[in-house]
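J.: A predicted structure for the sequence below; I have some questions about it.
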2 protein chains.
Amino acid sequence: MDIGADDFAELSPLLEELAGFSESGGPGVTRLLYTKAWLDAQMFLAERMRSCGLEVRFDRVGNLYGRLAGSMPGASVVLTGSHIDTVRAGGRFDGAYGIAAGLLAVARLKEVYGTPVRPLEVVSFCEEEGSRFPLAYWGSGNVSGMYAERDGSGIFDHEGISLEEAMREAGFGLSSQPDSRRSDIGAFVELHIEQGVVLERMGRRIGLVESIVGQRRYSLTLSGKPNHAGTTPMKMRRDALAGAAEIMLELEERAWHAGDPLVATVGRIEATPNTPNVIAGEVRFTLDIRHDDELELERFSQGVLDASRFIAESRQLTLDIRSWLQTAPVQMDSQLVKVLQGVSAGMGITSRRMASGAGHDAQVLAGICPSAMLFVQSRDGISHSPEEYTMPEHLQEGAAVLANCLRQLAYGEEGLR
Amino acid sequence: MDIGADDFAELSPLLEELAGFSESGGPGVTRLLYTKAWLDAQMFLAERMRSCGLEVRFDRVGNLYGRLAGSMPGASVVLTGSHIDTVRAGGRFDGAYGIAAGLLAVARLKEVYGTPVRPLEVVSFCEEEGSRFPLAYWGSGNVSGMYAERDGSGIFDHEGISLEEAMREAGFGLSSQPDSRRSDIGAFVELHIEQGVVLERMGRRIGLVESIVGQRRYSLTLSGKPNHAGTTPMKMRRDALAGAAEIMLELEERAWHAGDPLVATVGRIEATPNTPNVIAGEVRFTLDIRHDDELELERFSQGVLDASRFIAESRQLTLDIRSWLQTAPVQMDSQLVKVLQGVSAGMGITSRRMASGAGHDAQVLAGICPSAMLFVQSRDGISHSPEEYTMPEHLQEGAAVLANCLRQLAYGEEGLR
């Protein structure tokens, strides 16, 4: 391999510049869809792409592409990139890293190897996080056709501005602009920070994402009787909080027993009346359950809900269950994962196959082309926070692995399916 | 027994009238110490006492007494009554019932039996709930001497008014007024609603309070790591909420094992950041532990805290424990309880010896004279609520038991210790 981490000394300064495009005031980076900070960032990237000799274009929803044409007529595109938007007060690496590293990788490939066989493109997807409007993957979802029937009307941000209005305000959504939907992509490789602790704890440098987990989220409400904590004997209680505690431990024990990659979490809880000397009459809490196998996910979720019903009944509590999010797991392309693994190994870099516990654009692109992801370590697993951090040497190493993967895919002899 | 429930037809109308003395607006009864509603209620009771032929006096802090003089010179006083103040939006029975029933009982005894051997007094204590100022038992605590060193300065309500200022505003706190402290009481019997479910569930009409529980209250803070719920494998978590759940169940199991009268409750919980897809990094929750035996209370509490420390350690969580309330259990006078039991049995009324899980003026009076309590049923155990309710026939029956107890104590031949 001829491209190494040393070739990406520009990466940290580029991420630093990108972090500058943020709503003022808060800590961290806030770059919400179609805001001024967002538009400035996309325009900055477009200029940078141009200066690297890439053909630049925006599509109708504001996804930005930089293209290096290939020599083979009609060959499908090798695409890399990630999303430019952030959560409120997010970090500087989530999304931006995949774009910046992709841009520099394509530029370096052009410098070293010239014209590829297949076209090479880097994309800055307009939106993934769902931070401004109550939907996510607006960028990749328009590319895949998932949002083909939606124009953004009827979806509003906290200030009552519709997605359609915001899009037009930013200069997009016009019928004269190129349709977002694509069918010419032969492979998508997304480089991203892990946003978890697995690589760090295991001492591996590169995560090879084999699958992206499916999710189930539920709100559970347990109702008992809010009696006096002093005058109600233990055996006469209908304590909703004690019932919630039993369900929480049951969930944890089942999740341990199920093993990786299943994870299950109660992250939110609210007791009523929430007073030290009153037995809780009502407790609401959430379940967040994830697995990369749909059958296992469904089996586990139903098992937990059945157990919760049993616990509630045995304590004379009523249980209301509301399901509010269901997404299916997505498998990454196994051939593509092998390519990424081979490249990492060839560079002497430790890697680990893993499931992604968080959602990513790659799961949407997987619907229309072979897709895979590379992870680099996130310090302490902290993300969606100004404290998000990955060491420069890890960032550069990830970019080098990506570059060598893109080289193999776009410059190689072997065909892509 | 010559006095029966039928003699107390006036009780419900009297309680109805008392409930009318309340801050306007809210549901239920709000009668906070030294407010206009409070003063009007005390003045109304004073007038009612006078009309029953009792000598009326207020002491320095606003406790109101109605006295029926006895024939034996120097004999100690037989006292009954309860507190006139309420919690915010409280019920019409908590406190008021013991005063109204006591007043009517003394009046009826005077009508039927004339002058007693010992003086008979009914008291309307000024304050017990701790609802306006951050202290409780201001009435009985001044009688017992518990508050002998305090003038109410330096203690403020939510509006910044000092207890001393409020007392003077209501016309009390003057050195010309009778000292509150007393040493002439031979027995105190307090009639009160149970504020619990034991009598109702057991189908008993009268509770004979043998003891009032001591209390321990703690705030526990568990700290772990607030990681992503999707990307953090189960075995790499430091989940503060799962730790709290384990402690809550441990507490409940130990309390069941300890058996009555021990009760232990987690009534308040707060998780941070309290977000469905983030593992809780910090959880604060309270422990409320009660028992009528100090050694058992202390042993149980320390056992729970030790177990909590062990659970925290095994989960790599840090645990901070803050103790914010400790009161010792108080035993009622066993001879007096026997008198109450004998009277109930003699009237053919079912009773049950029990511990009071809530605090009462009788625990303060117990420091200066033989004291005991009678409970009547509370529907569903609901108290400190506008929904507080006891059936009129139960109220009248309790008043009749009280009257016959007072008769035995004040008109009988046997001496009081």
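T.: Cool, the structure landed.

J.: what about the residue nearest to residue A:247 when sequence neighbours are not counted, which SS state?
T.: Leaving aside its sequence neighbours, residue A:247 sits nearest to residue A:308 (Cβ to Cβ, 6 or more residues apart in numbering or on different chains; 4.8 Å). The C-beta positions use only the backbone N, C-alpha and C, and glycine is treated the same way. Secondary structure state of residue A:308, per DSSP: H, G, I helix; E, B strand; the rest coil, is helix.

J.: Tell me how many other residues surround residue A:308.
T.: 24 (other Cβ atoms under 10 Å in any protein chain shown).

J.: and it, how far is that from residue A:243?
T.: 9 Å (Cβ to Cβ, to the nearest Å).

J.: from the stretch 1-150 of chain A, which residue is nearest to chain B?
T.: residue A:94 (11.0 Å; Cβ to the nearest Cβ).

J.: tell me the contacts of that residue?
T.: A:86, A:87, A:192, A:193, A:195, A:383, A:384, A:388 (Cβ atoms under 8 Å, 6 or more residues apart in numbering or on different chains).

J.: Can I take it that residue A:247 is in a strand?
T.: No - counting by three-state DSSP, residue A:247 is not part of a strand but helix.

J.: Assess the claim that it and residue A:220 are in contact.
T.: Yes - if you go by Cβ atoms under 8 Å, residue A:247 and residue A:220 touch, sitting 7.1 Å apart.

J.: between these two, who's got more neighbours?
T.: Shown here are residue A:247 and residue A:220; by other Cβ under 10 Å, residue A:247 has more neighbours (27 against 23).

J.: Which residues are in contact with the more buried one?
T.: A:220, A:222, A:285, A:307, A:308, A:311, A:312.

J.: How about residue A:235?
T.: Applying Cβ under 8 Å, 6+ apart, the residues near residue A:235 are B:256, B:260.

J.: Neighbours of the residue nearest to residue A:374 when sequence neighbours are not counted, how many?
T.: For residue A:374, ignoring the flanking residues on the chain, the nearest one in space by Cβ to Cβ, 6+ apart is residue A:191 at 4.7 Å. Residue A:191 has 27 neighbours, counted by other Cβ under 10 Å.

J.: got the contact list for residue A:191?
T.: Taking Cβ under 8 Å, 6+ apart, one finds A:80, A:82, A:97-98, A:101-102, A:373-374, A:376, A:398-399, A:401-402 in contact with residue A:191.

J.: Among those residues, which one has the most neighbours?
T.: Result: residue A:98 is most packed of the contacts of residue A:191 (other Cβ under 10 Å), 32 neighbours.

J.: coming back round to it: which helix or strand contains the residue of the stretch 1-150 of chain A closest to chain B?
T.: Under the criterion DSSP states H and E, no helix or strand holds residue A:94.

J.: pLDDT score for it?
T.: What the model reports as pLDDT for residue A:94 is 97.

J.: buried set for stretch A:120-140?
T.: Within stretch A:120-140, the residues that count as buried by 16 or more other Cβ atoms under 10 Å in any protein chain shown are A:120-129, A:131-133, A:136-140.

J.: ends of it, how far apart?
T.: 17 Å (Cα to Cα, to the nearest Å).

J.: Do any residues in that stretch lie close to chain B?
T.: No - using Cβ under 8 Å from any Cβ of the partner chain, stretch A:120-140 stays clear of chain B, coming no nearer than 11.6 Å.

J.: pLDDT of that stretch, averaged?
T.: Computed over stretch A:120-140, the average pLDDT equals 94.

J.: Then stretch A:348-357?
T.: 96.

J.: Figure out how far it is from the centre of its chain.
T.: Taking Cα atoms, centre = their mean, to the nearest Å, one finds stretch A:348-357 lying 16 Å from the centre of the chain it belongs to.

J.: re the thing from before, what's the distance between the residue nearest to residue A:374 and chain B?
T.: Residue A:191 sits 16 Å away from chain B, going by Cβ to the nearest Cβ, to the nearest Å.

J.: my guess is that residue is in a strand, correct?
T.: Yes - counting by three-state DSSP, residue A:191 falls inside a strand.

J.: ok, it to residue A:101 distance?
T.: 5 Å.

J.: The buried residues of stretch A:120-140 in strands, which ones?
T.: A:120, A:121, A:122, A:123, A:124, A:125 (DSSP state E).
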